[in-house]
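# pasting a predicted model and its sequence here:
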Amino acid sequence: MTGTAHTSASSGKQMLSEQVHTHLRFAIMRGEYAPNDALKPQDLAQEHGVSLAVVREALVRLVGDGLADRLPNRGFAVPAFSDRRWQQIAEARRTIEPVLLRMSIERGDVEWETRVRAAHHRLARTPPYAPEEGEYYSEAWSEAHRVFHRTLLAGCGNPVLLETFDRMWTASELARRWSTHRNPDRDGADEHRRLEEAALARDADTAAEILTRHLTLTAAGLTAKNA
């Protein structure tokens, strides 16, 4: 195989892997796979009409996204409700994000305030659910939710800390959707409104307290007693 042909083959495999990864990511996020469901490479390869290598590459990426577990000698599976990692991620977020929020409130300028207000407006006006996307939060709402939380913290002005937030957010996205689905009476809209108000009022203590409780409620939705 020539260098050009090899590059073309590698590019084609990568493109197929990206397609499988995207399909599985959306399927898991929409609840088409339940917690603990097996993700069998052979079945997925047949379903998508691709090679095992392509599927395995996609599954490894899902593991990196926090959307799948790699099981010793047993392949891959969707994580469980009781996975300790969810609580570990929640603990990390409760430790780091209130600190970043305090920094943002201290350092954020008028442009930061404007972005926070706009991000909250977008979140409040975006329908949480789209019938065609299943029973979990829609992609549009989830993105508006991410942007709101990140904008609140962006006033800290520290890109290294914000990269840490980005990684934790990605790792906790599935747990967040599951938690909300299991606690439908939770008024997340009110929590976000109070969070915005406290931040723009420059009330760091209240804002940090609201954010900590916000994160704690999400983690609590996945504890075994609620199963």
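Cool, the structure landed. Numbering: from 1, shown residues only.
# confirm Pro127 sits in a strand?
No. Counting by DSSP: H, G, I helix; E, B strand; the rest coil, Pro127 falls outside a strand, being coil.
# give me the mean pLDDT for stretch 73-89.
Model confidence over stretch 73-89, given as mean pLDDT, is 85.
# neighbours of Ala90, how many?
By the criterion of other Cβ atoms under 10 Å, Ala90 has 22 neighbours. (Each C-beta comes from the backbone N, C-alpha and C, glycine too.)
# show me what contacts it?
172, 175, 215-216, 218-219 (Cβ atoms under 8 Å, 6 or more residues apart in numbering).
# repeat that for Ala92.
Contacts of Ala92 (Cβ under 8 Å, 6+ apart): Met168.
# mind checking pLDDT for it?
For Ala92, pLDDT reads 95.
# try Ser10
Looking at Ser10, its pLDDT reads 64.
# so where's this structure uncertain?
Residues of the chain that meet the criterion pLDDT under 70 lie in 1-10, 224-227.
# residues of the helix with the most length in it that come out buried?
With secondary structure taken from DSSP state H, the chain has its longest helix at helix 3-29. For helix 3-29, a neighbour-count test (16 or more other Cβ atoms under 10 Å) marks 16-17, 20-21, 24-25, 28-29 as buried.
# now do stretch 201-219
For stretch 201-219, by 16+ other Cβ under 10 Å, it's 204, 207-208, 210-212, 214-215, 217-219.
# give me the contact list for it.
Here stretch 201-219 has contacts from 86-87, 90-91, 93-94, 97-99, 101-102, 105-106, 152, 172, 175-176, 179-180, 183, 186, 191, 194-195, 198-199, using Cβ under 8 Å, 6+ apart.
# if we can go back for a sec, which of the contacts of Ala90 fall in helices?
Reading helices off the contacts of Ala90 with DSSP H, I get 172, 175, 215-216, 218-219.
# out of those, the closest to Pro127 would be?
Of all those, Pro127 sits closest to Thr218, with 20.3 Å by Cβ to Cβ.
# quick check: that closest one vs Val20, distance?
Counting by Cβ to Cβ, to the nearest Å, the gap from Thr218 to Val20 is 29 Å.
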